[in-house]
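> I'd like to go over a predicted model; first the sequence, then the structure.
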Amino acid sequence: MRIVNSQWSIVNSRLLKIILLIFTIHFSLFTSFSQKISATVDRDKILLGEPITLQIKISDAEASTQINQWFNLPDSFNHFEILQRLPIDTITIEGSVSYLQKIILTSFDSGYWKIPSLTITFNSTQKIITDSIAITVLPVDVSNLKDYHDIKEIIEVKKEADWLFIGEIAAAAIISAILLYLIIQYFRKREKVPKQKIRSFSIDDILKEIEKLQQKELEELNQYKLLFTDLINICREFSDEQLNIHSYDKTTDEYILLVKNKIGSEPMQVKYFQLLRLSDAVKFAKYIPSKDECQDAFITAKTFVQTIYQYTIKQNKNAE
């Protein structure tokens, strides 16, 4: 009887230890993973160049919790560009700590893009991950413009029946000869064309050029393509001269990268970039802007040249 009681005591002792061990592990896991993480945006649809605020928040973390690695988000990622990173705010309430950071970003590419999941590491090994966020970036709103002509989708052409083998060889030879001739002529002309020289003019000169263009009233003559082409050329020549860059052979996207963060405040930059996009739409999408948009284009151009002129003066003073 004593042997049975003794064995039963041993079993009870071991069972108690196992229960205590399970409770300890459960409590440890519960306290380690009690913190919560969230990533939110103030809106999920924006226009080209319009800023959006991404907020990352960690709540209910213990005061002893150490953040070994905050999330790593590059300046440019997945068609997004970061405009400003606000500092991380730390709030302690009754022994628990909350962390909050806001990041202002935008996109200059229309489409459906995602802000990826973000990972934060606690206490060397513990990691928590946010959900990804989908953002729709819309182009310049042209839905209410007069005589708007949308870009038609590409029409698929059905393949014709194959020609005889000899005919294919002959056609390929002719095409190859024509392409070779065109390439040779292109490089010959390119060698003869001198590099474009950037004109040097004052801020008063450039404002007078914009005024002269505005006085032509090209919008009244339905010369919208000529109006926006000349206006953007004036702005690009002035920015090239002021910033010592060469953009005459660059696309709009390449030009935007050259002048980014060099043309004043973020609202001014967004307005100018939207003017560039609207100009491309007028030239290539072939729709007609309203008179108000034409007047706003001149205002934006004047503000742009004045802003970039002040920027270069400030840079020169800092250099001295």
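Thanks, I have the structure now. Numbering: from 1, shown residues only.
> tell me the domain ranges of the protein?
Using automatic domain parsing, the domain parsing of the chain gives 36-138, 203-319.
> list the buried residues in the strand or helix carrying Ala297.
Under the criterion of DSSP states H and E, Ala297 resides in helix 291-319. By neighbour count with 16 or more other Cβ atoms under 10 Å, helix 291-319 contains the buried residues 293-294, 296-298, 300-302, 304-305, 307-309, 311-312. Glycine gets a C-beta too; all of them are placed from N, C-alpha and C.
> likewise stretch 45-52?
Going by 16+ other Cβ under 10 Å, stretch 45-52 has these buried residues: Ile46, Leu47, Leu48, Gly49, Ile52.
> neighbouring contacts of that stretch?
41-43, 83, 104-110, 135-141, 266, 269-270, 273-274, 277 (Cβ atoms under 8 Å, 6 or more residues apart in numbering).
> try stretch 295-308
Identification of contacts with stretch 295-308 by Cβ under 8 Å, 6+ apart yields 203, 206-207, 210, 213-214, 227-228, 231, 234-235, 238-239, 242-243, 259, 262-265, 268, 271-272, 275, 278-279, 289.
> 6 Å instead?
Stretch 295-308 is contacted from outside by 206, 210, 214, 231, 235, 238-239, 242, 263-264, 268, 271-272, 275, using Cβ atoms under 6 Å, 6 or more residues apart in numbering.
> sec struct for Gly49, please.
Three-state assignment for Gly49 (DSSP: H, G, I helix; E, B strand; the rest coil): coil.
> check what pLDDT it gets.
Gly49 is assigned 87 on the pLDDT scale.
> around the closest residue to it other than its chain neighbours, count how many other residues there are.
Closest residue in space to Gly49, ignoring its immediate chain neighbours: Val270 at 4.3 Å, by Cβ to Cβ, 6 or more residues apart in numbering. The number of residues packed near Val270 is 18, by other Cβ atoms under 10 Å.
> same check on Leu231?
Counted with other Cβ under 10 Å, residues neighbouring Leu231 total 22.
> who's in contact with it?
Here Leu231 is in contact with Ala301 (Cβ under 6 Å, 6+ apart).
> for Ile210, grab the count of nearby residues.
20.
> again, but for Gln274
As a burial measure, Gln274 scores 20 neighbours (other Cβ under 10 Å).
> separation between it and Ile299?
Noted for Gln274: a distance of 13 Å to Ile299, by Cβ to Cβ, to the nearest Å.
> ditto for Ile93
For Ile93 relative to Ile299 (Cβ to Cβ), the value is 49 Å.
> residue ranges with poor pLDDT in the stretch 1-150 of the chain?
Along the stretch 1-150 of the chain, segments meeting pLDDT under 70 span 1-34, 63-64, 68, 123-125, 141-150.
> let's see it at 80
Low-confidence segments of the stretch 1-150 of the chain (pLDDT under 80): 1-36, 59-72, 93-96, 122-127, 140-150.
> can you give me the strands for it?
Along the stretch 1-150 of the chain, counting by DSSP state E, counting those that start in this stretch, strands occupy 36-41, 45-47, 52-62, 67-69, 76-77, 80-85, 89-93, 96-106, 111-115, 119-122, 126-129, 133-138.
> reformat those strands as CSV; add distance to Gln185.
Shown next, in CSV, are those (distance: least, Cβ to Cβ, whole Å):
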stretch, distance to Gln185
strand 36-41, 52
strand 45-47, 43
strand 52-62, 48
strand 67-69, 58
strand 76-77, 39
strand 80-85, 40
strand 89-93, 63
strand 96-106, 43
strand 111-115, 38
strand 119-122, 55
strand 126-129, 57
strand 133-138, 41
